[in-house]
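[1] Here's my sequence, what's the structure:
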Amino acid sequence: MNRKPGLFLTFSTLSFTIWAAVILLMMISQAESYDPLDPFGNITIKWDVISWTPDGYVALVTMNNFQMYRHIMSPGWTLSWGWAKKEVIWSMVGAQTTEQGDCSKFKGNVPHCCKKNPTVVDLLPGVPYNQQIANCCKGGVVASWGQDPSSAVSSFQVSVGLAGTTNKTVKLPTNFTLLGPGPGYTCGPAKIVPSTVYLTPDRRRKTQALMTWNVTCTYSQVLVSKNPRCCVSFSSFYNDSITPCPTCSCGCQNKKDCIMGDSNKLKNVGINTPRKDNAPLLQCTHHMCPIRVHWHVKINYREYWRVKVAVTNFNYRMNYTQWTLVAQHPNLNNVTQVFSFDYKPLVPYQSINDTAMFYGMKFYNDLLMEAGPYGNVQTEILLKKDKDIFTLKQGWAFPRKIYFNGDECQLPPPDTYPILPNSAHKNLIFSFSILEGFILLLFLVIV
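    As a prediction, the model looks like this:
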């Protein structure tokens, strides 16, 4: 039978188009999860089988947050997966499932969870010691790797039944989902890796897990919200105007439910209590963002310049614990001093040092309170000038990117940045020269 050339060509073209669309979607998905300021950041969930049981195994599950500036804040992480066979969870230490499921077919010993797709949460601090293991029981709060590596881990132990009892008969769980605490993470399939090696407490003997598999989860801001969740405003000492956050920077969908800063409703009992759905209660602003970062170019010295940064919370239902602020600017490669914040340079690409992470000092300002008189934190940054690149012209003194808690903030349009008046740069340097000369003359007169 003869084929019609036109029909065959049409079918081939259609097949090519479908495959091209699939590949394009995969590339877009990967691009959304890629963070250029933290290219290797992810959360790795490691399962170590530490012993076999008559009908399954006992596994130590460790969640490592390798993200430099994105942490998991209260109410903490939620982890779920699907069993490959008919496995059950006999018991857990350091965590618990949110539902037991239907365990009616079991007589005598009843499993901790019989659901096909269990959902696990961390235990709260203060649980009895016999329910704890190392790195558990923090309410699901996990610090970022750049902020505190020792607190960037969470663990629990699970005893699995009706499962394989050897490396060849164990079936890996599937369809992992991580909420931290809301959406944003996408988890890949479990992959068998070389068994984890442990050192005994005296560090003289090595032991290893019987079997190990990893699950890698990456973050995408697009999965959280179609709009940014913070915005940036600018000002400077050389211009009286303030460049505000763009209107509706974070979307104005909460405009009808916002509350004025001087409203009597703020006196109501429970106004600051978070809701189960984490719905915000925002102060009415033109930008309608829960967080605003203000960057003010404060002083221009001869060899240094100073910036003031203020972070303001406009959400009456949210306290930000262990918050992080990331800024990208070419002069951050020469930070002389940071006041009232902790600071750490981020160098994802060894040849480029233009990104810095700032976070609150422990027990001082590492908690950003809810909207109101105490809902702000601020710092000043002293930077040494690079004479070859420093300028106050064309908005050079303002950051290229700002992130709060790992989410990129909405910057104002470049044409709205504070403008340097004509000949202002020369006058500024000249004025400082006059001031220095006057001080020197005064000193000589006194002496």
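
[2] Buried ones in stretch 410-417, by neighbour count?
    Of the residues in stretch 410-417, 410-412, 417 count as buried by neighbour count, 16 or more other CB atoms under 10 Å. In short, each C-beta sits where N, CA and C put it, glycine included.

[3] same deal with stretch 266-283?
    Result for stretch 266-283 [16+ other CB under 10 Å]: buried residues 266, 272, 274, 280-283.

[4] in what helix or strand does residue 240 lie?
    strand 239-243 (DSSP states H and E).

[5] and that strand, what does it pack onto?
    strand 230-236 (3 or more CB pairs under 8 Å, 6 or more residues apart in numbering; DSSP states H and E).

[6] angle of the strand it packs on against strand 239-243?
    Following axes from the mean of the first three to the mean of the last three CA atoms, to 10 degrees, one obtains 170 degrees for the angle between strand 230-236 and strand 239-243.

[7] what's the closest non-adjacent residue to the residue nearest the centre of the chain?
    Nearest residue to the geometric centre of the chain (CA atoms, centre = their mean): residue 70, 2.1 Å. Of all residues not flanking residue 70 in the chain, residue 406 sits nearest, at 2.9 Å (CB to CB, 6 or more residues apart in numbering).

[8] what's the answer for residue 135, then?
    residue 155 (4.2 Å).

[9] what sits opposite the one you found in the beta ladder?
    In this structure, residue 155 bridges to residue 62 when assessed by DSSP bridges.

[10] Run through the residues that contact it.
    By CB atoms under 8 Å, 6 or more residues apart in numbering, the contact list for residue 155 reads 60-63, 94, 133-136.

[11] Look up how far residue 192 lies from it.
    Remark: distance between residue 155 and residue 192 (CB to CB, to the nearest Å) = 20 Å.

[12] repeat for residue 51
    Distance of residue 51 to residue 192, computed by CB to CB: 18 Å.

[13] now residue 108
    From residue 108 to residue 192 the distance is 34 Å (CB to CB).

[14] Which of these two has more residues huddled nearby?
    residue 192 (13 against 4; other CB atoms under 10 Å).

[15] how about residue 359, what does it touch?
    Taking CB under 8 Å, 6+ apart as the test, what residue 359 contacts is 147, 322-325, 341-342, 344, 366.

[16] ok so, going back, tell me, how many residues neighbour the residue nearest to residue 70?
    23.

[17] between the buried residues of stretch 410-417, which is closest to residue 126?
    residue 410 (39.8 Å; CB to CB).

[18] quick one: that closest one from residue 347, how far?
    Counting by CB to CB, the gap from residue 410 to residue 347 is 26 Å.

[19] Over to residue 177?
    Counting by CB to CB, the gap from residue 177 to residue 347 is 32 Å.

[20] So those two - more neighbours on which side?
    Using other CB under 10 Å as the criterion, residue 177 and residue 347 rank with residue 177 on top: 16 against 13.

[21] mind checking which helix or strand that one is in?
    Assigned by DSSP H and E, residue 177 falls in strand 174-179.

[22] average pLDDT for that strand?
    Mean pLDDT, computed over strand 174-179, is 97.

[23] Need the residues that contact that strand.
    43, 45, 77-84, 117, 185, 187-190, 215, 217.

[24] Could you rerun that using 10 Å?
    Strand 174-179 is contacted from outside by 43, 45, 63, 72, 75-84, 117, 119, 121, 140, 183-190, 215-219, using CB atoms under 10 Å, 6 or more residues apart in numbering.

[25] Show me the shaky parts of the chain.
    1-34, 423-447 (pLDDT under 70).

[26] what about residue 130, how many neighbours?
    6.

[27] again, but for residue 113
    Neighbour number of residue 113 under other CB under 10 Å is 22.

[28] next one: residue 388
    5.

[29] for it, what are its contacts?
    So residue 388 contacts nothing (CB under 10 Å, 6+ apart).

[30] I'd like the distance between the residue nearest to residue 70 and residue 344.
    Taking CB to CB, one finds residue 406 at 15 Å from residue 344.

[31] Please tell me how far the residue lying closest to residue 414 once chain neighbours are set aside sits from residue 245.
    The shortest distance from residue 414 to any non-neighbouring residue, by CB to CB, 6+ apart, is to residue 395 (6.0 Å). Noted for residue 395: a distance of 16 Å to residue 245, by CB to CB.

[32] higher neighbour count, those two?
    Higher neighbour count among residue 395 and residue 245: residue 245, with 25 against 20, using other CB under 10 Å.

[33] Please tell me I have it right and the more buried one contacts residue 230.
    Yes - between residue 245 and residue 230 there is a contact at 8.9 Å, judged by CB atoms under 10 Å.

[34] okay, and the common contacts of these two?
    287, 289, 292-293, 409-410.

[35] Which among the contacts of strand 174-179 count as buried?
    Buried among these (16+ other CB under 10 Å): 43, 45, 63, 72, 75-81, 83, 119, 121, 140, 184-187, 190, 215-219.
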